[in-house]
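Participant: What would the 3D arrangement of this be:
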Amino acid sequence: VPNAVLMAIEGTDASAHDLAAAVSGLRSRADATDYRRFARLGAVIVWCEGAEGDRRVTAWSNPSARMAMPARALRACLACLRER
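Facilitator: Residues are numbered from 1 along each chain as shown. Coordinates of the predicted model:
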């Protein structure tokens, strides 16, 4: 089953969080211990309640996931989080 991690942050812009660096660090730790766990991660979503519109949420999709997060499902999650 595809899965995602949701990170809730404070601020006014979800893209201000360095998502690429966070995923890179996570992947480095996974490579050092157990890559199979990283391969189960379908996506990471960053949500910023204090932001508005498109600045409220951003995401990274794992292209190497064993069970990729379907693009349509990820778009639906992002749309819901933009409206909350």
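
Participant: Ranking helices and strands of this protein by mean pLDDT, which lands last?
Facilitator: helix 35-39 (a mean of 81; mean pLDDT, DSSP states H and E).

Participant: Tell me how far it lies from the chain's centre.
Facilitator: 15 Å (Cα atoms, centre = their mean, to the nearest Å).

Participant: One more: stretch 44-60?
Facilitator: That offset, for stretch 44-60, works out to 10 Å (Cα atoms, centre = their mean).

Participant: so what does the least confident helix or strand of the chain touch, helix or strand wise?
Facilitator: Contacts defined by 3 or more Cβ pairs under 8 Å, 6 or more residues apart in numbering; DSSP states H and E place helix 35-39 against helix 19-33. C-betas here are computed from N, CA, C, even on glycine.

Participant: What are the contacting residues of the helix it packs on?
Facilitator: Under the criterion Cβ atoms under 8 Å, 6 or more residues apart in numbering, residues 7, 37-38, 41, 44, 46, 58-60 lie in contact with helix 19-33.

Participant: Those in helices, which ones?
Facilitator: Cross-referencing the contacts of helix 19-33 against helices under DSSP state H gives 37-38.

Participant: Quick check, central residue of this structure?
Facilitator: The residue lying closest to the centre of the chain (Cα atoms, centre = their mean) is residue 44, at 1.5 Å.

Participant: could I get the least confident helix or strand of the chain in PDB with only the CA atoms?
Facilitator: What follows is helix 35-39 as a C-alpha-only set of coordinates in PDB (Å, rounded to 0.1, in the frame of the first residue of the first chain):
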ATOM      1  CA  TYR A  35      17.300   0.900   2.500                       C
ATOM      2  CA  ARG A  36      14.100  -1.300   2.300                       C
ATOM      3  CA  ARG A  37      12.400   1.100   4.700                       C
ATOM      4  CA  PHE A  38      13.100   4.100   2.500                       C
ATOM      5  CA  ALA A  39      11.800   2.200  -0.500                       C
END
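
Participant: can you list the contacts of helix 19-33 in a markdown table and add distance to residue 20?
Facilitator: Compiled in a markdown table, those are given as follows (distance: Cβ to Cβ, whole Å):
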| residue | distance to residue 20 |
| --- | --- |
| 7 | 13 |
| 37 | 19 |
| 38 | 15 |
| 41 | 15 |
| 44 | 10 |
| 46 | 11 |
| 58 | 10 |
| 59 | 12 |
| 60 | 7 |
